[in-house]
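Chemist: Everything below, folded, please.
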Amino acid sequence: MSETPRSRETGGDTSTGLPQRRTGPAFAHTPHRSDGRSPQTPRGARQPGPAGRPGTTPPVPGRPAILLLLSLLGLALTTWQVLASGPLLTPDESLSRALVRTLPDSVTERLSDLGNVPVAVPVLVLAMAYSVRRSRAWAPALTAGLAMALVPAAIVPLKEWTARPGPLEPWAAGYFPSGHTATSAVAYIGAALLVSPYARRPWPVAVALFLTAATATGLILRGWHWPLDVLASCFLCTPLLLAVARVVRRAAVPEPVKAPARSA
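Modeler: All right, here's what the predicted structure looks like:
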């Protein structure tokens, strides 16, 4: 019986049987490993790192949605407690009485001033200009500016609706939520999100969180706001900052470099 080509390939062959490298125009730019197999993760399919640099960090699509849901639920819960004089107000007021004026007013007032518009907003404006200059994209800066513009649009109606008195001024109203906390959070953290893609270390976000926490601490210790006022502002600012972070992340991802076409 004559030997067929198939029997010659499978019988008595002591070679390793590795696939041969194919040549041709379609395979001219295909990367190969040393053993002849194609790489498991081509360069074009790698996910960029947090700052838009090449890397293999997998995306986490559910995390922003969870943060958004939790922040909205937290804002709804705190607002309901204030409107209905719920059980959370008792520990909130007790904590405030224990903390108010534990530090000198000269210190806590300086910390509270970090949330003033003339102090916080210029920081965001400078970060917006820097972002446009570096990225040549207007979307991140405009989103951060819109987030700051939405702060008073959301805070003022809530203040009028809840009409909560202050810790040291029970005759006044309009302390819930804290406008200074919201201003500092959106200004400082928004500025950090705009600058972070061009920083070698994550120091902008750390500084922004410190400034926001210092503002909130000063407001509580001075007696300008209840702790629940500050917490509600953090819940309110989270969706705005998530939107800024999303736009910044999209603008920071570099487009894949296309290989130049080869002439025939």
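
Chemist: quick one: the helices in the stretch 101-250 of the chain?
Modeler: 105-112, 117-135, 139-162, 179-184, 190-195, 203-222, 227-252 (DSSP state H, counting those that start in this stretch).

Chemist: Out of those helices, which is closest to residue 72?
Modeler: Among the helices of the stretch 101-250 of the chain, helix 227-252 comes nearest to residue 72, with 7.1 Å by CB to CB. C-beta here means a position set from N, CA and C on the backbone, and glycine is covered the same way.

Chemist: With mean neighbour count and distance to residue 72 as extra columns, can I get the helices of the stretch 101-250 of the chain in a markdown table?
Modeler: Below are those laid out as a markdown table (neighbours: other CB atoms under 10 Å; distance: least, CB to CB, whole Å):
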| stretch | mean neighbour count | distance to residue 72 |
| --- | --- | --- |
| helix 105-112 | 16 | 27 |
| helix 117-135 | 17 | 24 |
| helix 139-162 | 18 | 12 |
| helix 179-184 | 27 | 15 |
| helix 190-195 | 27 | 19 |
| helix 203-222 | 20 | 20 |
| helix 227-252 | 22 | 7 |
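
Chemist: now those as TSV including mean pLDDT?
Modeler: As requested, the helices of the stretch 101-250 of the chain are arranged in TSV below (pLDDT from 0 to 100):
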stretch	mean pLDDT
helix 105-112	96
helix 117-135	96
helix 139-162	97
helix 179-184	98
helix 190-195	97
helix 203-222	97
helix 227-252	95
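
Chemist: right, and those - which one's nearest residue 81?
Modeler: Between residue 81 and the helices of the stretch 101-250 of the chain, the tightest spacing by CB to CB is seen for helix 227-252, at 7.1 Å.

Chemist: and the angle from that closest one to helix 117-135?
Modeler: For helix 227-252 against helix 117-135, the angle by axes from the mean of the first three to the mean of the last three CA atoms, to 10 degrees is 20 degrees.

Chemist: now for helix 227-252, which elements pack on it?
Modeler: helix 62-84, helix 89-99, helix 117-135, helix 139-162, helix 179-184, helix 190-195, helix 203-222 (3 or more CB pairs under 8 Å, 6 or more residues apart in numbering; DSSP states H and E).
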